[in-house]
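Peer 1: Below are the sequence and a predicted model for it; my questions follow.
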Amino acid sequence: MLAEVVELRADNEQLGQALASRAVIDQACGMMMAMAPCPSDRAWDLLVDVSQRCNIKLRDVAEALVATTKDRTLPEPIQRELRRALRRLHAADRR
């Protein structure tokens, strides 16, 4: 019984963290949609691309991007890969 309670609490905490991460990722997607401009699926792809190329978790990329609304500077690796991702997006749109 005690093991079940501990497991349920751990599951509950993980779900709470996932929901919080998802909210930040959704905010970052909205920012990408405004910056690019692009639809939500392209914004998601851009964030995933930046995350993979920087080898930084998607939620951390999203948190860094959202933090720029509070006058925080986007870390250089994310800035660089974001610029590159936007260039690739616009080049693909011109074809």
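Peer 2: Done, it's in. Residues are numbered from 1 along each chain as shown.

Peer 1: Who are the packing partners of the helix or strand containing residue 78?
Peer 2: Following DSSP states H and E, the helix or strand that holds residue 78 is helix 76-94. In this structure, helix 76-94 packs against helix 40-54, helix 58-67, with contacts taken as 3 or more CB pairs under 8 Å, 6 or more residues apart in numbering; DSSP states H and E. For the C-beta atoms, the positions are set from N, CA and C on the backbone; glycine is no exception.

Peer 1: quick one: contacts for residue 31?
Peer 2: In this structure, residue 31 makes contact with 65-66, 69, judged by CB atoms under 8 Å, 6 or more residues apart in numbering.

Peer 1: Could you do residue 47 as well?
Peer 2: Shown here is residue 47, whose contacts under the criterion CB under 8 Å, 6+ apart are 25, 28-29, 32, 58, 61-62, 65.

Peer 1: longest helix anywhere in the chain?
Peer 2: Taking residue count as the measure and DSSP state H as the definition, the longest helix of the chain comes out as helix 2-35.

Peer 1: quick check: angle from it to helix 40-54?
Peer 2: On the basis of axes from the mean of the first three to the mean of the last three CA atoms, to 10 degrees, helix 2-35 is oriented at 110 degrees to helix 40-54.

Peer 1: quick one: the worst-scoring helix or strand of the chain on mean pLDDT to helix 76-94, angle?
Peer 2: Confidence across the helices and strands of the chain bottoms out at helix 2-35, with a mean of 80, counting by mean pLDDT, DSSP states H and E. Using the same axes, to 10 degrees, one finds that helix 2-35 and helix 76-94 are set 60 degrees apart in direction.
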